[in-house]
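# heads up, no residue letters with this:
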C-alpha cells in the first residue's frame, strides 16, 4: 500500500491563487521500507515573502535555491545525502557552470545524485536564473510528516 502526503510547509514558498495552492511543495510517497520524497522546483525566493533573492546574481540564486531545498528536505527528515535525482533548469548554462561548483560542494557532501541540467529561455519569473527539482529516498524511521504542513 502507498501512503501519499501532500505538504505545504511553512518554511517554503507557496504559490496561492484564489485561496488555493497551485502545487504541493513536497509530496511524500511511503511504501513498506522506504519513503520517496519529491520537492517541486525550488527557486531563489525568500520563503516568507516570495521576493526574488539575488536578482541578477547567479551564485546568490543558487545558494538561496539550495537553502530552500535544505528546508524542504529537513521538513520531512531528509538530507542532501538522501537525494537521488536533481533536475536543474537555468537561463544561462555557462554562468551556471561558473558559479555552481563551489556552492554545490557546500550542500552535497556525500555521493552525488543523478543530474540533468537544462538551459531554458525563461523560468516562472523573469528575475529567476535557476530552478532545481529534487527527488530523495528516506528510510521510514527517519521520515517526519509535519502535522501543520
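Right, received. Where do you want to start? Keep in mind it's a predicted model, so treat the numbers as computed, not measured.
# Give the other helices and strands that the helix ranked longest in the chain contacts.
Longest helix of the chain, by residue count under DSSP state H: helix 58-75. Judged by 3 or more C-beta pairs under 8 Å, 6 or more residues apart in numbering; DSSP states H and E, helix 58-75 is in contact with strand 34-42, helix 93-107, strand 130-138. All C-beta spots, glycine's among them, are computed from the backbone N, C-alpha and C.
# can you state the direction angle for that helix and strand 130-138?
30 degrees (axes from the mean of the first three to the mean of the last three C-alpha atoms, to 10 degrees).
# Enumerate every residue touching the closest residue to residue 3 other than its chain neighbours.
Spatial nearest neighbour of residue 3, excluding adjacent residues (C-beta to C-beta, 6 or more residues apart in numbering): residue 30 at 4.2 Å. Contacts for residue 30 were tallied using C-beta atoms under 8 Å, 6 or more residues apart in numbering; they are 2, 3, 4, 5, 36, 140, 143.
# For burial, what's the neighbour tally of residue 109?
10 (other C-beta atoms under 10 Å).
# ok, back up a step: of all the contacts of residue 30, which two lie farthest apart?
4 and 140 (14.5 Å; C-beta to C-beta).
# Give the buried residues for stretch 54-67.
54, 58, 59, 60, 61, 62, 63, 64, 65, 66 (16 or more other C-beta atoms under 10 Å).
# so the second one touches residue 92, yeah?
Put plainly, it is residue 58. Yes: counting by C-beta atoms under 8 Å, residue 58 touches residue 92, with 6.8 Å between them.
# and for these two, which residues touch both?
Residues within reach of residue 58 and of residue 92 at once, by C-beta under 8 Å, 6+ apart, are residue 129.
# returning to that earlier point: please produce JSON lines containing the buried residues of stretch 54-67, extended by distance to residue 87.
Converted to JSON lines, these look like this (distance: C-beta to C-beta, whole Å):
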{"residue": "54", "distance to residue 87": "21"}
{"residue": "58", "distance to residue 87": "18"}
{"residue": "59", "distance to residue 87": "20"}
{"residue": "60", "distance to residue 87": "21"}
{"residue": "61", "distance to residue 87": "16"}
{"residue": "62", "distance to residue 87": "15"}
{"residue": "63", "distance to residue 87": "19"}
{"residue": "64", "distance to residue 87": "18"}
{"residue": "65", "distance to residue 87": "12"}
{"residue": "66", "distance to residue 87": "14"}
